[in-house]
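Undergrad: Please work out how this folds:
(2 chains)
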Amino acid sequence: MAIGRRDVPAPATPDAGGGLLARPAWTKGLGSWLTTVDHKRLGILYILTSFTFMGLASIEAFIIRLQLAAPGMELVSPDVYNQLFTMHGVTMIFLAIMPLGTGFANYFVPLMIGARDLAFPRLNAFGYWVYAFGGLFVYSSFFLGGAPDVGWFAYAPLTSLSNNPGNGTDFYMIGLLIGGIGSLVTAMNLIVTIFSMRAPGMTMMRMPVFVWMILVTSFLIVFAFPPLTIALTQIVFDRTFGTLFYVPEAGGLPILWQHLFWIFGHPEVYIVILPAFGVISEVIPTFSRKPIFGYPVMILSGIFIGFMGFAVWSHHMFTTGLGPVANTAFALTSFVIGVPTGVKIFNWLGTMWGGSVRFTTSMLYAMAFLFMFVIGGITGIMLAMPPFTAQATDSYFVVAHFHYVMGGGALFAFFAGVYYWFPKLTGKLLPERFGQWTFAAMFIGFNMIFMPQHFAGLMGMPRRTQTYEAGIGLEIWNLVSTAGTFVMGTALFMLLFSVIYAFRNGTPAGNDPWDARTLEWAATSPPQHHNFDEQPIVTDRDAFWAQKYPEASHGDDGSQWEGMDFDAHGIHMPGQSWYPFLLATSIFIAGYGLLFENWPLSILMLVVLVGATYGWAFEGVGGHHVHPDDGAEAAGD
Amino acid sequence: MAADAPTQAAGTVPAHGWRSSSLPDMKLMMWIFLASDIMFFGTLIGTYLIYKGRSLTGPYPQDVLDIPLTTVSTFVLLMSSFLMVIALDALKRNDVAKFRLWTFGVAFFGAIFLGFQVYEFNHFVDLGLTLQGNLFGTTFYVLTGTHGVHVAIGVLWLLSIVVASYVRPWTSKDATNLEVAGLYWHFVDVVWIVIFTLVYLVDFIPGAGG
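TA: As a prediction, the model looks like this:
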């Protein structure tokens, strides 16, 4: 792989550090990627991996749509159909859209706050590898006895051993447990980074909105993933050790799974959407040439959304018979969460209002995001009413709703981010004119697929059923929907093509192609290994904009930082390490040990895990110092 | 917000670069981890309480729990937190011998607690309470077992600190390392107080039992 090849300068005399496995010093090749701790390389790995999984999920969705193109089709059997919609959901939520946000966060949060790397670089690498291995684990089920087929929500008691004797459920449970470790440690790492590694002068209320949204998202992960982890563990224990958590015959309550799952699952919606909000909040001000309208309100509404995310989980359970009081309470909290979301929409519109808007491809995606997220929001208000849910639940109306939120919302926002940040990642511009055609195809295709599903759903077409009756009015909506997949599929190939084309032959971008506002644009494109030659000093919100246009600055003059030599000792960069990869591998293989109840293998992997943990702990500081002034690299510590 | 104020005096920047927080990264990390761990234990305790009284067959809590015995092991665990405080104080005063002694003491008391738990689990199995037998067994063993794993990790961690302090002599500069382990240890103690109260004691208050 060529991305970032010039990112890692060879240390003059690399410090191998202590311990069993010396810290490697490769600058290119596979080894350098396996042992990298550089947040930019890991960000690229996250982004590439999540797009790979997105491709797989798109193939699954495509087969689903082909099967539903006409009534009575027999392209796939009901069993395979169950696996397809389960894997599509699991992949999109856990392996594609959420890690895409993490990838952007990994790459851009340190650059945006003027830091050299994350607070714990090795932990960051470990987080990536367990995510990738978790995804690989779930996907290996296709070759090892069948994929999970219980829906991405995996309701008990569908998952009990008697109802679901194959290995598919175990792959789901253990794979998500492995991947969840990555989400947790990376979220914790980002929180520490944002609190303790901001550049001098970057107060909390001067941070870019994207960084704020990542901070809120990280707290959501820290609090929402443990209930899921415990619930998954309970199922694994039920299936492997014969415990009784979800065995109704012994008094177990399957509805407990739904509570625990949605106490995680609803915040998960915001874990996916808040980074997308952050991307939109960077793209719209840049291409409107205006600061974001109502910055403090944007931040506070983001925090409020994060907080309320934990107060609405039972709106996923309106039809489970919780009773009118609980339903009313959760309907009201669900209405309330629409308020800060609406505030954000109006703030984005207010940012564009009176600005000199440039309709770049990135901006087009951002505006499409606003349009489609509002549609998803309106159907969300409809579904927040229990009587309506009683009618529409488990119909294609719900499918249309959450695809407008997750796809038209989060995914289009991330596409805006791809066009916005691609020049920073690679130093090349994506083709603009072709990008606008791609956008048009994407927008038309997406709406062709999902708009008709509202109507099919209202006419009673059920979800998760592999076919439907002819002659009840569903044919035309499904045919349009399936036709839309061809348009959107073409658009995805056009996007893939333009990325590959731009990477090889794209126009050089320069450091600041968009005349942007935040600090990452002050770095070179692609950024150097140590991000900035000098520690940036922040005097303003929109730090880079204030540097370029001092007359627009409302901040201080930065005089309190005068005379401080921030890099007097050179820039200390972390060294590469084998241990994150080794530790993640041991967890990955131990997953197979647990799944196939191969205890010797499990114990062996536990030994490797403990050994790698000690190796990690006693590896020493390592790394090397960079002195940008004379271009010299000195051995570290 | 404290993190906003300049935390280093003008003109002086530490060798490892600027920090915008006065809290060491390791310590901040541990606080965030513990916040997350509260949710882990919260879910397990919630599951226990929801399933309380739903077991269809015995043995029930009243049949197996031995309050006086567990009170002793709880006392030992609480005293270990006290030793943890003295150990940290000794390290901060550069009294390395005392620091090693008390840190070993914490690990030793933790090991005694684990010994009690091993005995308790064995004894309960003899009384017919198993992981697979009824919901009480399922929720009890998973909840207290998870806590036991936390204690075991803490014991290993503290013993590793004692050994590491021989490999490379520790001074008061290393106090943060011990303090982070201490935060973890105190947390595990506090969780046990909650578990001991909700699992063991509540049933024996007249009128509060399930």
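Undergrad: Quick one: low-confidence residue ranges for chain A.
TA: By pLDDT under 70, the low-scoring segments of chain A are A:1-20, A:629-637.
Undergrad: OK, contacts around the residue nearest the centre of it?
TA: Closest to where the C-alpha atoms of chain A average out (Cα atoms, centre = their mean) is A:M98, at 2.2 Å. Contact analysis of A:M98 by Cβ atoms under 8 Å, 6 or more residues apart in numbering or on different chains lists A:S183, A:E268, A:I271, A:V272. Quick note: C-beta positions are derived from backbone N, CA and C, even for glycine.
Undergrad: What spatial separation is found between A:N447 and A:V621?
TA: 53 Å (Cβ to Cβ, to the nearest Å).
Undergrad: Between those two, tell me which one has more neighbours.
TA: A:N447 (19 against 12; other Cβ atoms under 10 Å in any protein chain shown).
Undergrad: And that one, which helix or strand is it part of?
TA: Using DSSP states H and E, A:N447 maps to helix A:432-458.
Undergrad: any chance you could map the helices in chain B?
TA: Using DSSP state H, the helices found in chain B span residues B:25-51, B:61-64, B:67-92, B:96-126, B:135-167, B:175-195.
Undergrad: how much does the last one deviate in direction from helix B:96-126?
TA: So the one you mean is helix B:175-195. Relative orientation of helix B:175-195 versus helix B:96-126 (axes from the mean of the first three to the mean of the last three Cα atoms, to 10 degrees): 30 degrees.
Undergrad: Extract the CA atoms of helix B:175-195 and return them as PDB.
TA: Extracted as PDB, the C-alpha positions of helix B:175-195 are listed here (Å, rounded to 0.1, in the frame of the first residue of the first chain):
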ATOM      1  CA  ALA B 175       3.400   7.200  42.600                       C
ATOM      2  CA  THR B 176       1.000   7.800  39.800                       C
ATOM      3  CA  ASN B 177       1.400   4.200  38.700                       C
ATOM      4  CA  LEU B 178       0.500   2.900  42.100                       C
ATOM      5  CA  GLU B 179      -2.200   5.400  42.500                       C
ATOM      6  CA  VAL B 180      -3.900   4.100  39.300                       C
ATOM      7  CA  ALA B 181      -3.800   0.600  40.600                       C
ATOM      8  CA  GLY B 182      -5.100   2.000  43.900                       C
ATOM      9  CA  LEU B 183      -8.100   3.600  42.200                       C
ATOM     10  CA  TYR B 184      -8.900   0.300  40.600                       C
ATOM     11  CA  TRP B 185      -8.600  -1.500  43.900                       C
ATOM     12  CA  HIS B 186     -10.800   0.900  45.800                       C
ATOM     13  CA  PHE B 187     -13.400   0.600  43.100                       C
ATOM     14  CA  VAL B 188     -13.400  -3.100  43.300                       C
ATOM     15  CA  ASP B 189     -13.900  -2.800  47.100                       C
ATOM     16  CA  VAL B 190     -16.800  -0.300  46.700                       C
ATOM     17  CA  VAL B 191     -18.500  -2.600  44.200                       C
ATOM     18  CA  TRP B 192     -18.200  -5.400  46.700                       C
ATOM     19  CA  ILE B 193     -19.900  -3.300  49.400                       C
ATOM     20  CA  VAL B 194     -22.900  -2.900  47.000                       C
ATOM     21  CA  ILE B 195     -22.900  -6.600  46.100                       C
END
